[in-house]
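A.B. asks: Give me a 3D structure for the following:
(chains A, B and C)
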Amino acid sequence: MNYTLQQIAEALGAEWKGDGSLRITGAAEPGMAGADDLALAMSPRYAEALQQGSARAALVWPDADWQAMGLAGAVIAPRGRLAMARLTQLLDPMPADPGIHPSAVIDPSAEIGADVHVGPLAVIGAGAVIGAGSRIEAQASIGPGVRLGEGALIHSGARLGRNVVAGARLIVQPNAVIGGDGFSFVTEAESHVESARAELGQGSVSADADPTWHRIHSLGAVSLGDDVEIGACATIDAGTIRPTRIGNGSKIDNLVQVGHNCVIGDHCLLCGHVGLAGSVTIGDRSVLGGKVGVSDNLVIGADVVLTGGSIVLSNVPAGRVMMGYPATKIDTQVESYKALRRLPRLMRDLAASRKG
Amino acid sequence: MNYTLQQIAEALGAEWKGDGSLRITGAAEPGMAGADDLALAMSPRYAEALQQGSARAALVWPDADWQAMGLAGAVIAPRGRLAMARLTQLLDPMPADPGIHPSAVIDPSAEIGADVHVGPLAVIGAGAVIGAGSRIEAQASIGPGVRLGEGALIHSGARLGRNVVAGARLIVQPNAVIGGDGFSFVTEAESHVESARAELGQGSVSADADPTWHRIHSLGAVSLGDDVEIGACATIDAGTIRPTRIGNGSKIDNLVQVGHNCVIGDHCLLCGHVGLAGSVTIGDRSVLGGKVGVSDNLVIGADVVLTGGSIVLSNVPAGRVMMGYPATKIDTQVESYKALRRLPRLMRDLAASRKG
Amino acid sequence: MNYTLQQIAEALGAEWKGDGSLRITGAAEPGMAGADDLALAMSPRYAEALQQGSARAALVWPDADWQAMGLAGAVIAPRGRLAMARLTQLLDPMPADPGIHPSAVIDPSAEIGADVHVGPLAVIGAGAVIGAGSRIEAQASIGPGVRLGEGALIHSGARLGRNVVAGARLIVQPNAVIGGDGFSFVTEAESHVESARAELGQGSVSADADPTWHRIHSLGAVSLGDDVEIGACATIDAGTIRPTRIGNGSKIDNLVQVGHNCVIGDHCLLCGHVGLAGSVTIGDRSVLGGKVGVSDNLVIGADVVLTGGSIVLSNVPAGRVMMGYPATKIDTQVESYKALRRLPRLMRDLAASRKG
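C.D. replies: Model prediction:
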């Protein structure tokens, strides 16, 4: 990269101060920045580190005294992470080499849009449709009947199963699996698990007459909106009859499991190791922290925040902030937790007063 | 697909009513069903949705008044999900195109059974044996010495390591790994972790003299029974000396970890994100809900139910239903949980009575 | 394999007794051992099983009466698992077939060291450097600019993204992903999640004006020390500007998530399903049990032990042993847990005494 400070400020839609003609060839943390790097110093706690590096220009907080910090120029970032989004997008040397590698195996019936890149040893199945400007990276699999909108980026080793459909600008990280079969099995007669669920609180159950699991096949595929991202080794299972759905702008982190028939709204975030059992509904804009688990057939409303590690065993109304196992409104949870920490002492006091 | 209603009923082993000659070309949820779809209305809560769709035939609950719901025919499903298993098996357009893609790389010493399909860019190692009628899909890996029974279905990107053995009808979802190395390391002298485990409840430990981890290699491979299924991105580690084992008819969901030397019985279900540390034993027909964790060397009896999110730190007797962290008999757990919710109020009451 | 008992003892650096010339062709559990197997009987609880097998030689505990157990020879293992490490390393028939399979796709600008093996259908990108004696197994991907030290072992389907750097002897299990993009998104204005985090204990939040997530790209890659191992389907995300780092001798188990910008010290163990959010620091020699989760930007000291299932929501000092959700010093946690189990009875007693 090679920009002037002014060009960077303009690309960020940000105000700049000092010498706008400074040449910037990279970005770095303040203490490690060289003379041609833009130092990333979006809060006062980086002021000291700036002195240790050699940066002449920095991305700084609104009222930073950039001259006192020895800088020749500065870009003002009122919202640091938003500036980081724009800056890293600008600096990312995205490859742009359309063309189909000769080792890729593409079914003759597939439709490949304009300016598509297909990497070495990728496979594209019968009847698949790949939108213009997409990149299918090395060793990825696009199953039969898959339809991808324009500008998709499918990383190495990702697997898209039969009939997966996506809007524009889908990003799939390496080794993610979209459209594998749902985990859906049933015994001939009522099983001991069904009986345990029907009568909650029952401490033990007896064995089944015929424990054979019969398989419910997954015919419904997966449907993804525009601007969806799926993380590395995440798994989004196909629906049984209708598609498993993820709405526009929703982002799914690494190692997340989305069960068959789930419906996830728009602009949701599901962080690492989130697990949704089958047929869960998540409202728009909800955010699930790392390792959150949601039991099957539950409905989580819109604008919900589930803090990391929560295990959800009942429906959650819109706008609720929840925590714990089982997940509870966060204020209730914190109150219980504090009381529990004081409980051993209470018990000692009560025991002492009885003796006394 | 194209069946008459009567043909579907017969394939399901189910009773049918009305016009058995109705042509059925698909299945759909009641509200979205077209005129030639079989609507899936296995409980009374779907009665209303049926009116919104255009289905002339439906899969219904036993005493449904199908004529009053405007249907011309109905298949009776006393156990809805079992009917779904049979119906989806019937409707699944399983590919049937035996033959070996020219881009697959197959060691000359491998034995490929009759009617086997090997997809593009798959790899089959030295001495592997693939049972008749199996499908090895695109870009899958079959390691040296692997032996698969008849009718295996190995999806795209799945990895079967050296000497993995399986019975008939193994299904492996995309990007699963069977037979990776176990996570087994040891320090030269006793480590601080061993000391923490030996003296539980010790709040702090001191550093090791030599923290180098020496690696225990995994020579034992994995042995799977008949009718086993392994989910997408699940990992089943090889045993140290003898195989890690999974019994007949057991089903493993996505992103599950089964550690080295585990022995899982017949007809078990392990749901998404279950994690078994090394050398865990699970009895027949046990069901582990999503995100259950089991500590190393524990024994879980037969017919056990572990509810989602349970963390198991001690052995579990047969037939037990467990919940929580640490996992406890569910009735005990529910009682503790209810008491905890009432605890803040109790503490306020006690404080008030002291003052009063 | 084919060694004498004496040769095995010498390879293990161990003392041996009896007939050192005994031929050993394998290792086995005591009850299943044949006449030419070395039985693995490192503790007295295996003494009985030895009688059921046919072993003439065994790996035994220090004061074992090997002659009374009917053995003709024995190797003494004062620390059983350490002996197992050395023995399994000795017995592992590691393949040694350098050479590049003609189906691999290697960019002409890549530098491949001496005696490197590249398996079928592997991909090596532009400018990659592969150290001498490394093995890149079938269908693995080495991204552009990756640099691997000598003796790397990259298993089938593993993905190393652009510019990943590793020291010597890196082991990557199948389908692991190193250097995927971090999960890092930001809204234009403060989101409801930020507001929930800023004011902890707030039970509900309201919707955002503009819920669009802007993407922070990951330009920083991943840097791994010497002797690092990464498990199957584990995901190590690239840093934003500087690398995500893992120190020398640290081992990462299957299905672990390491977020962008994390810094993991030397000789750490992260067990299955551990999840680290972004920018977490882990000190040297710390051990995280299965399913441990750590919230973003936290600092875990050196020599810390986090027991399985712990969810860490605040910084942890060096040498601390922690447990629970939220993770707490283990003695405090155990005390709370015991008190909670006694709480229902206490409540019944208090209720009775009020009535009385």
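
A.B. asks: other SSEs contacting the longest helix belonging to chain A?
C.D. replies: Of all segments of type helix in chain A, defined using DSSP state H, the longest is helix A:330-355. For helix A:330-355, the packing partners by 3 or more CB pairs under 8 Å, 6 or more residues apart in numbering or on different chains; DSSP states H and E come out as strand A:321-323, helix B:330-355, helix C:330-355. Where C-beta positions appear, they are placed from N, C-alpha and C, glycine not excepted.

A.B. asks: Can you lay out the ones you listed as CSV showing mean pLDDT and distance to B:N297?
C.D. replies: Shown next, in CSV, are the helices and strands packed on helix A:330-355 (pLDDT from 0 to 100; distance: least, CB to CB, whole Å):
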stretch, mean pLDDT, distance to B:N297
strand A:321-323, 96, 32
helix B:330-355, 92, 23
helix C:330-355, 92, 19
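
A.B. asks: Nearest to B:A277, out of the ones you listed?
C.D. replies: Minimum separation from B:A277 across the helices and strands packed on helix A:330-355 (CB to CB) falls at helix C:330-355, 18.0 Å.

A.B. asks: Buried ones in that closest one, by neighbour count?
C.D. replies: Neighbour counts over helix C:330-355 (16 or more other CB atoms under 10 Å in any protein chain shown) mark C:330, C:332-337, C:339-340, C:343-344, C:346-347 as buried.

A.B. asks: Residue numbers of the stretch 251-356 of chain A in contact with chain B?
C.D. replies: Within the stretch 251-356 of chain A, the positions near chain B by CB under 8 Å from any CB of the partner chain are A:255, A:257, A:259, A:273, A:275, A:277, A:291, A:293, A:295, A:311, A:313, A:325-326, A:332, A:335-336, A:338-340, A:342-343, A:346.

A.B. asks: that older thread, identify whichever of the helices and strands packed on helix A:330-355 lies nearest to B:Q89.
C.D. replies: helix B:330-355 (33.8 Å).

A.B. asks: A:I178 and A:I236 touch, don't they?
C.D. replies: Yes: between A:I178 and A:I236 a contact is recorded at 4.7 Å, counting by CB atoms under 8 Å.

A.B. asks: anything in contact with each of these two?
C.D. replies: The contact sets of A:I178 and A:I236 overlap at A:222, A:230 (CB atoms under 8 Å, 6 or more residues apart in numbering or on different chains).

A.B. asks: residues touching A:I311, list them.
C.D. replies: The neighbours of A:I311, taking CB under 8 Å, 6+ apart as the test, are A:292-293, A:324-327, B:291, B:308-309.

A.B. asks: Grab the nearest non-local neighbour of A:T212.
C.D. replies: Using CB to CB, 6 or more residues apart in numbering or on different chains and skipping residues adjacent in sequence, the residue nearest A:T212 is B:G249, 6.0 Å away.

A.B. asks: and that neighbour, helix, strand or coil?
C.D. replies: At B:G249 the chain is in coil, as set by DSSP: H, G, I helix; E, B strand; the rest coil.

A.B. asks: can you check the one 5 residues further on too?
C.D. replies: Assigned by three-state DSSP, the conformation of B:N254 is coil.

A.B. asks: Can you tell me the number of residues neighbouring the closest residue to it other than its chain neighbours?
C.D. replies: Excluding the flanking residues, the one nearest B:N254 by CB to CB, 6+ apart is B:G231, at 3.8 Å. The tally of other residues near B:G231 (other CB atoms under 10 Å in any protein chain shown) stands at 29.

A.B. asks: same check, this time on A:A196
C.D. replies: By other CB under 10 Å, the residues close to A:A196 number 21.

A.B. asks: next one: A:A209
C.D. replies: Neighbour count for A:A209, taken as other CB under 10 Å: 9.

A.B. asks: Show me what the helix or strand of chain A with the lowest mean pLDDT packs onto, helices and strands only.
C.D. replies: In chain A, the helix or strand scored least confidently by mean pLDDT, DSSP states H and E is helix A:192-198, which has a mean of 85. Where contact means 3+ CB pairs under 8 Å, 6+ apart, helix A:192-198 is packed against strand B:305-306.

A.B. asks: does chain C sit close to the strand it packs on?
C.D. replies: No: on the criterion CB under 8 Å from any CB, strand B:305-306 is out of touch with chain C, staying 12.9 Å away.

A.B. asks: Given that strand, what are its sheet partners and their directions?
C.D. replies: Within its sheet, strand B:305-306 is paired with strand B:287-288 (parallel), strand B:321-323 (parallel), according to DSSP bridges.

A.B. asks: what packs against the helix or strand just after the shortest one?
C.D. replies: With elements assigned by DSSP states H and E, the helix or strand that comes after strand B:287-288 is strand B:293-294. With contacts defined as 3+ CB pairs under 8 Å, 6+ apart, the packing partners of strand B:293-294 are strand B:275-276, strand B:311-312.

A.B. asks: Could you give the average pLDDT over the first one?
C.D. replies: On average, the pLDDT along strand B:275-276 is 98.

A.B. asks: Next, see if it gets close to chain A.
C.D. replies: No: Strand B:275-276 stays clear of chain A (CB under 8 Å from any CB), getting no nearer than 10.4 Å.

A.B. asks: and the next helix or strand after that strand, how far from the chain's centre?
C.D. replies: Next in sequence after strand B:275-276, counting helices and strands by DSSP H and E, comes strand B:281-282. With CA atoms, centre = their mean, to the nearest Å as the basis, strand B:281-282 stands 15 Å off its chain's centre.
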